[in-house]
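S.K.: pasted the sequence and its predicted model underneath.
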Amino acid sequence: MKRTQVFTPNDLPTVTLVGDHLKEKRKTLEENLEIGGSVIVISGPSKSGKTVFVESVLGRDNLVHVSGANIITAEELWRRIFTAIGTPIPSTVLESKISEVSSVASIEGGVPLLTKGAVNLGGKWTNTGSTTTDVRPDYLALLVAELKDSGLVVFVDDFHYIGKEIQIQVAEVIKEAVRQGVRFILAAVPYHSDDVVIANADLRGRMLNLDFDYWNAPELAKIALQGFKELNMNVSNSIISAFAMEAAGSPQLMQSLCLNLCFEVEITETMPNEFLVEGTLQLIDKICRRAAQTNDYRSVIRVMKEGPKVRGTDRKPYVLKDQTASDVYPILVRALKLPPPQLTLSYPDLLKRISEVCLQDHPQGSSVTGACAHMSALANDAANAAIMEWDPDKDVLDIRDPYLLFALRWSESS
């Protein structure tokens, strides 16, 4: 078997499909789809396996899979759905038009002139033609006609990317469509899991929420164990444990790390004899840096290190343990890079890491909390997505994308 069939970071896995810890969620999803009448919301952090879960439970052939990204009108979402199932959407109506004129109109050589499409009806000349009129399709009726009892499920990924005003229009149609037998699954990040209810309160009581979380290290390790066994590779536990830690809860990132190990040691397919891979820090470092090249966060990391434009007095510089000097923003980036990889950091956690970066004096208090707030906003703008958040009430910095944390730790730009 080829390595790219075993480890599939960008596709639905087969050999390395791990789902023991998702059995109850699978059962709940299948039962609620059988009952019908409710919207199912799969909520979980980015790269936590939501899409793979839905595809593995239902099968791709049974899904009408569309994305909420770049949706600026409700019509655009419905058109994506109907395009996916091959349903033409009427946009105009052809209307016939007949007009009559007196037969004494234009005469040439004693014979009334007939234009194309003109007919003589008892002394009057009738001109026939047609016009087209734009119409607004009834998307609800089309959804019910095309998808009720079809066995298909509409899966709207990244529902949270749809604007609030558009969500209200979409939720109204979804509510009626579900009531009439159309099945919908929406995927969103946790802090937007109730968007559809907020958009239409009538969906309360008609919604099932399946909460996902990042995977733990033993669950991620199963991906490696199953895949390397298929390829007849004996990979040391130290490598697998390091990968499970660096993947930061993301099964997709774990797949990528395992595949890059195969590339590095030049294993293309299942080996006839067992192939031993011993764990060294040098090899782990090389694999992680190689994997980081496939995720370009250079512009995001750059703005995180630069911080907002300085107005007036320059920021205070601090001496670092490597004898260089930096202000609070590069120091924060260095603190986030430190092991172990951690997606959520409280203010005390941050201060401890910052003190490990700086020689003696180091930023603290409002200098740190203010920088966290600014840095999160800048990163989100640069990525055009909510990938970081500073919670001022709890004093917690949350990195919402494991790939960003991985890039901070391993990319050359960090």
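M.R.: Received it, and whenever you're ready, just let me know what you need.
S.K.: ok, R60 to L338 distance?
M.R.: Noted for R60: a distance of 40 Å to L338, by C-beta to C-beta, to the nearest Å. For glycine as for every other residue, the C-beta is placed from the backbone atoms N, C-alpha and C.
S.K.: if you count what's nearby, which of the two comes out ahead?
M.R.: Between R60 and L338, counted using other C-beta atoms under 10 Å, L338 has the larger neighbour count: 15 against 11.
S.K.: now for that one: which residues touch it?
M.R.: 353, 356-357 (C-beta atoms under 8 Å, 6 or more residues apart in numbering).
S.K.: can you turn the buried part of the residues you listed into a PyMOL selection?
M.R.: The following PyMOL line selects those of the contacts of L338 that are buried, judged by 16 or more other C-beta atoms under 10 Å:
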select buried, resi 353+357
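S.K.: out of the contacts of L338, name the ones that lie in strands.
M.R.: If you go by DSSP state E, the contacts of L338 have nothing in strands.
S.K.: start to end distance for stretch 9-22?
M.R.: 19 Å (C-alpha to C-alpha, to the nearest Å).
S.K.: er, stretch 339-358 actually
M.R.: 16 Å.
S.K.: so what touches it?
M.R.: Under C-beta under 8 Å, 6+ apart, the answer for stretch 339-358 is 214, 245-246, 248-249, 318-321, 331-332, 334-336, 338, 362-364, 368-369, 372, 394-400, 402, 405-406, 409.
S.K.: if you set the cut-off to 6 Å instead, what comes out?
M.R.: 246, 248, 318, 320, 331, 334-335, 338, 362, 364, 395-399, 405 (C-beta atoms under 6 Å, 6 or more residues apart in numbering).
S.K.: try stretch 288-298
M.R.: So stretch 288-298 is in contact with 246, 256-257, 260, 403-404, 407, 410-411, 413, going by C-beta under 6 Å, 6+ apart.
S.K.: now for the residues you listed: which two are most distant?
M.R.: The distance between the two most remote of these (C-beta to C-beta) is 19.3 Å, for L257 and S413.
S.K.: more neighbours: these two, which one.
M.R.: L257 (27 against 14).
S.K.: quick one: mean pLDDT over the helix or strand where F263 lies.
M.R.: Secondary structure from DSSP states H and E places F263 in helix 251-264. Across helix 251-264, the average pLDDT comes to 97.
S.K.: and that helix, what other elements does it pack with?
M.R.: helix 217-230, helix 281-292 (3 or more C-beta pairs under 6 Å, 6 or more residues apart in numbering; DSSP states H and E).
S.K.: let's have those helices in a markdown table, adding mean pLDDT and distance to F7.
M.R.: A markdown table is the format used below for those (pLDDT from 0 to 100; distance: least, C-beta to C-beta, whole Å):
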| stretch | mean pLDDT | distance to F7 |
| --- | --- | --- |
| helix 217-230 | 97 | 5 |
| helix 281-292 | 96 | 11 |
